[in-house]
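Model the following, please.
(3 chains)
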Amino acid sequence: MLKEMLLKVREKTPLIHNITNYVTVNDCANILLGCGASPIMADDIDEAAEITSLCGGLTINIGTLNQNTIPAMFVAGQKANELSHPVVLDPVGAGASKLRTETAFRLLKEVKFTVIRGNISEIKTIAMGRGTTKGVDADDADAVTGATLNQTVALAKNLSLETGAIIVITGAIDIVSDGKGAFCIFNGHPFMSKLTGTGCQLSCLIAAYLTANPESPLLATVGAVCAMGLCGEKAYERMTDLDGNASYRNYILDAVYRLSGDELESGAKYELR
Amino acid sequence: MLKEMLLKVREKTPLIHNITNYVTVNDCANILLGCGASPIMADDIDEAAEITSLCGGLTINIGTLNQNTIPAMFVAGQKANELSHPVVLDPVGAGASKLRTETAFRLLKEVKFTVIRGNISEIKTIAMGRGTTKGVDADDADAVTGATLNQTVALAKNLSLETGAIIVITGAIDIVSDGKGAFCIFNGHPFMSKLTGTGCQLSCLIAAYLTANPESPLLATVGAVCAMGLCGEKAYERMTDLDGNASYRNYILDAVYRLSGDELESGAKYELR
Amino acid sequence: MLKEMLLKVREKTPLIHNITNYVTVNDCANILLGCGASPIMADDIDEAAEITSLCGGLTINIGTLNQNTIPAMFVAGQKANELSHPVVLDPVGAGASKLRTETAFRLLKEVKFTVIRGNISEIKTIAMGRGTTKGVDADDADAVTGATLNQTVALAKNLSLETGAIIVITGAIDIVSDGKGAFCIFNGHPFMSKLTGTGCQLSCLIAAYLTANPESPLLATVGAVCAMGLCGEKAYERMTDLDGNASYRNYILDAVYRLSGDELESGAKYELR
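Modelled structure (predicted):
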């Protein structure tokens, strides 16, 4: 089931347009190449729509947004909607500044997103207009633990019903909901939080999976989230006593390149609520 | 012969000004340091000309171009021409958007380039106003194979005569032509296409080789292209069963740092047509 | 003594706002995560002050500065001053262009810096309005050797008295002065100069140490400088015959993640002048 999602990416090599931050953009490009897709980054308003047209899917990531790139996000998002391309929103740091929060809200109003992926603080901001965002990382007060899992699942379901988008909340347990059910995903490793950009990378990976599997957006999203978590686990197994977050960065990307459909199928750990 | 090209870079440590995209810019800086040159990145119009004056060579790469950086490309290019510094154009994604294609054409009109380096789709766009660009990667329809090699060599020669620049077309076989002859270069590894930025890196490497060898631009270019391909091969030999494109990225840059003049001389595989 | 500086970073996980260049920004984010801090990058004037308010410390790095990011530097710097947050200035390439030199001077006039960190050419530019900057790397003519050490210490002390900032001059010997005394630090490895961004990374590391140790800015700065140098040494020990500057990049960041308080305490090599 998830296996097919992965294999379709390798078969179709979807071209993904990314308007994203300059902090983790190289990793975003390499994870797309590694999973079998092809990246293009373009954030000037004079080419955004045209590049979107050329591609099969779009990621909009608001980290390091600015006055020049914000308008390009709208133009690209609307063009993707027009063409029925999947669009992923990564609301990096929503809640950390008015500019980010308002841009996220405006995007939600003017663009239809297939998936919205963020940490719990970012998603709370989007759902309730407030979170306890600590910069670009989830605040401890917001941590998804066993105790708060039911609440978080309910949050994801409601936000999905409200926005029409599949909601992905990543953290110790990842949640994926399309408003009807919710997948709770137990893959991943805590060390992923010591590395910048694992969230950004996952958003791009989701875009690739969605684009290659237009008939199954929910499964495609679950597949990408499980794949990323599984690669975080495999990467951690490779760590030596001298390795830290830089080597881990390489190991995760390497694992994405190496991950087989069978490994994804058998390694995915989730339950449906 | 090629050996001298490499050694001159290490001897002279040329300073290279790069106006380039934010996706692969860190790799560009590190390949320049690794080969023995020194990088500086500066893309604001208020300092572009001055930084160019301080340097020995210039790379203009139009990936993630925007309204602010485009004017800086012209100013820097013209200053470099004024000072007779070598200038390399990397027309990333030419053909993928009007903005990229037109910027490339305008640059060709207003700046004299020493070398133009792109994949076959980008070079076709420049030569004929059209290609079948698939984003920033060469389209399969454009692949340079044994069958199309003669045609592609002719394309390179003609474009060189037309522009006065040495033309470099990179792909399974790399072609370098100054309008008279053409070098067909057989170094490299297919896995290089699974990594973002090998083209951008090569363009910077060419700029370093040109700047250190002003009396032999053609040989300098051939030296840089062979060096990059050879490092792609050496990097691939280092790959383990767990490695993917992220480790490969490190191995290529490491190989550039380690490459000796003798290895380049004996490992270069090319023929003249 | 230095041990406590490091441990406080891990204990407090300070959030650091960085307005920095796009060349080395990913390394800056990862070194902050690796040392135990948390990074946020934001350079649009519409959110700069707000993001600064959310954070505990600020780094302003003028590499790849432009018309959009320069105003954000001032707004963020002034907000940080208002809140008594530590602010680090990294005057990358000061002396290389009028734009960089003048921006550095204007920043010094309008923002109070806790620490100014640069190579000797950059610091000379700031101190005397001139240096022999060769791009973003220190010029050989400016090298700090045993012979010129006393002079350089005097320069650092005077500039510290003049600006009220702790001055850090990095090179073969690093100097840290608060105007009264000066620490001469002998950690580090020459190979660090073959890698882009070790200076930028150190500036961020200093910001993290300062923010976690508000009562001891001088010791915090010395701790960060020794930590970076020590990690450069440890990373070099890990190098194999195939490794070059790319692997070295990973090894340094890994070492920062792994460095213990005891290792810092026992490995730091400095003398007070």
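
Now do the helices in the stretch 51-200 of chain A.
A:69-82, A:98-110, A:120-128, A:149-163, A:198-212 (DSSP state H, counting those that start in this stretch).

Can you tell me which residues in chain A are near chain C?
Within chain A, the positions lying close to chain C (CB under 8 Å from any CB of the partner chain) are A:21-24, A:26-27, A:63-68, A:93, A:96-100, A:134-137, A:194-197, A:242-247, A:249-250. (Glycine included, C-beta is placed from N, CA and C.)

Tell me which of the helices of the stretch 51-200 of chain A sits most buried.
Highest mean neighbour count of the helices of the stretch 51-200 of chain A: helix A:198-212, a mean of 29 (counted as mean count of other CB atoms under 10 Å in any protein chain shown).

Mean confidence (pLDDT) on it, please.
For helix A:198-212, mean pLDDT rounds to 98.

One more: stretch A:78-86?
98.

Look at residue A:16 and tell me its secondary structure.
Three-state call for residue A:16 (DSSP: H, G, I helix; E, B strand; the rest coil): strand.

Which of the residues of chain A next to chain C fall in strands?
Using DSSP state E, no member of those sits in strands.

ok, longest helix in chain A?
helix A:217-237 (DSSP state H).

the inter-axis angle of it versus helix A:198-212?
For helix A:217-237 against helix A:198-212, the angle by axes from the mean of the first three to the mean of the last three CA atoms, to 10 degrees is 140 degrees.

in helix A:217-237, what's buried?
Residues of helix A:217-237 classed as buried: A:217-236 (neighbour count, 16 or more other CB atoms under 10 Å in any protein chain shown).

and what of stretch A:253-269?
In stretch A:253-269, counting by 16+ other CB under 10 Å, buried: A:253-259, A:261, A:263-265, A:267-268.

Distance from that stretch to the middle of the chain?
Put simply, stretch A:253-269 sits 17 Å off its chain's centre (CA atoms, centre = their mean, to the nearest Å).

outside of that stretch, which residues touch it?
A:1-7, A:27, A:30-31, A:34-35, A:185-187, A:201, A:205, A:222-223, A:226-228, A:230-235, A:238, B:194, B:242-247 (CB atoms under 8 Å, 6 or more residues apart in numbering or on different chains).

so for it, what's the average pLDDT?
Mean predicted confidence for stretch A:253-269 is 98.

ends of that stretch, how far apart?
20 Å (CA to CA, to the nearest Å).

Check stretch A:173-190 too.
Stretch A:173-190 end-to-end distance (CA to CA) = 10 Å.

Say whether chain B is contacted by that stretch.
No. Judged by CB under 8 Å from any CB, stretch A:173-190 stays clear of chain B, getting no closer than 16.0 Å.

which residues of the stretch 1-150 of chain A score low on pLDDT?
Applying pLDDT under 70 to the stretch 1-150 of chain A picks out residues A:130-135, A:139-143, A:145.

Which residue is the nearest non-sequential neighbour of the residue in the stretch 101-250 of chain A that chain C sits nearest to?
Taking CB to the nearest CB, chain C has its nearest neighbour within the stretch 101-250 of chain A at residue A:244, 2.8 Å off. Among residues not flanking residue A:244 along the chain, residue C:257 sits closest, at 2.8 Å (CB to CB, 6 or more residues apart in numbering or on different chains).

How many neighbouring residues does the residue of the stretch 101-250 of chain A closest to chain C have?
25 (other CB atoms under 10 Å in any protein chain shown).

Just give me the residue right at the centre of chain A.
For chain A, residue A:203 is the residue whose C-alpha lies nearest the centre (CA atoms, centre = their mean; 2.1 Å).

For that one, give me its contacts.
A:59, A:61, A:88, A:90, A:115, A:117.

Quick check: the gap between the first one and chain B.
Counting by CB to the nearest CB, to the nearest Å, the gap between residue A:59 and chain B amounts to 14 Å.

Wait, that residue touches residue A:17, no?
Yes. Under the criterion of CB atoms under 8 Å, residue A:59 makes contact with residue A:17 at 7.4 Å.

Report pLDDT for the residue lying closest to residue A:127 once chain neighbours are set aside.
Closest residue to residue A:127 apart from its sequence neighbours, by CB to CB, 6+ apart: residue A:159 at 4.6 Å. pLDDT for residue A:159: 97.

could you list every residue that touches residue A:159?
A:116, A:123, A:126, A:127, A:165, A:167.

Pull the number of nearby residues for the closest residue to residue A:101 other than its chain neighbours.
Leaving aside its chain neighbours, residue A:101 sits nearest to residue A:94 (5.3 Å; criterion: CB to CB, 6+ apart). Residues lying near residue A:94 (other CB under 10 Å) number 28.

Who are the contact partners of residue A:94?
Residue A:94 touches A:62, A:100, A:101, A:104, A:118, A:122, A:125, A:126, A:131, A:133, counting by CB under 8 Å, 6+ apart.

try residue A:192
By CB under 8 Å, 6+ apart, the contact list for residue A:192 reads A:198, A:232, A:252.

Of these, just say which sits nearest to chain B.
For these, the nearest to chain B is residue A:252 (7.7 Å; CB to the nearest CB).

Next, the angle helix B:245-258 makes with the helix or strand harbouring the closest one.
Assigned by DSSP states H and E, residue A:252 belongs to helix A:245-258. Relative orientation of helix A:245-258 and helix B:245-258, computed by the same axes, to 10 degrees: 120 degrees.

returning to what we had before: okay, and the beta partners of the residue nearest to residue A:101?
Beta-bridge pairing for residue A:94 (DSSP bridges): residue A:97.

how close does the residue of the stretch 151-273 of chain A found nearest chain B get to chain C?
With CB to the nearest CB, the shortest gap between the stretch 151-273 of chain A and chain B falls at residue A:257, namely 2.8 Å. Residue A:257 sits at a distance of 17 Å from chain C (criterion: CB to the nearest CB).

if I look at that residue, how far off is residue C:74?
Taking CB to CB, to the nearest Å as the measure, residue A:257 falls 43 Å from residue C:74.

The nearest residue to residue A:24 once chain neighbours are set aside: what's it in contact with?
Nearest non-adjacent residue to residue A:24, counting by CB to CB, 6+ apart: residue A:197, 3.0 Å away. For residue A:197, the contacting residues are A:23, A:24, A:27, A:28, A:249, C:26, C:29, by CB under 8 Å, 6+ apart.

okay if I get these as TSV plus distance to residue A:181 and neighbour count?
Formatted as TSV, those follow (distance: CB to CB, whole Å; neighbours: other CB atoms under 10 Å in any protein chain shown):
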residue	distance to residue A:181	neighbour count
A:23	34	28
A:24	31	28
A:27	31	25
A:28	29	29
A:249	33	26
C:26	37	23
C:29	35	26
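
which two in these are spaced the farthest apart?
The span of these, defined through CB to CB, is set by A:28 and C:29 at 13.5 Å.

are any of the residues of chain A next to chain C buried, and which?
Of the members of the residues of chain A next to chain C, the ones counted as buried by neighbours, 16+ other CB under 10 Å, are A:21-24, A:26-27, A:63-66, A:93, A:96-97, A:99-100, A:134-137, A:194-197, A:243-247, A:249-250.
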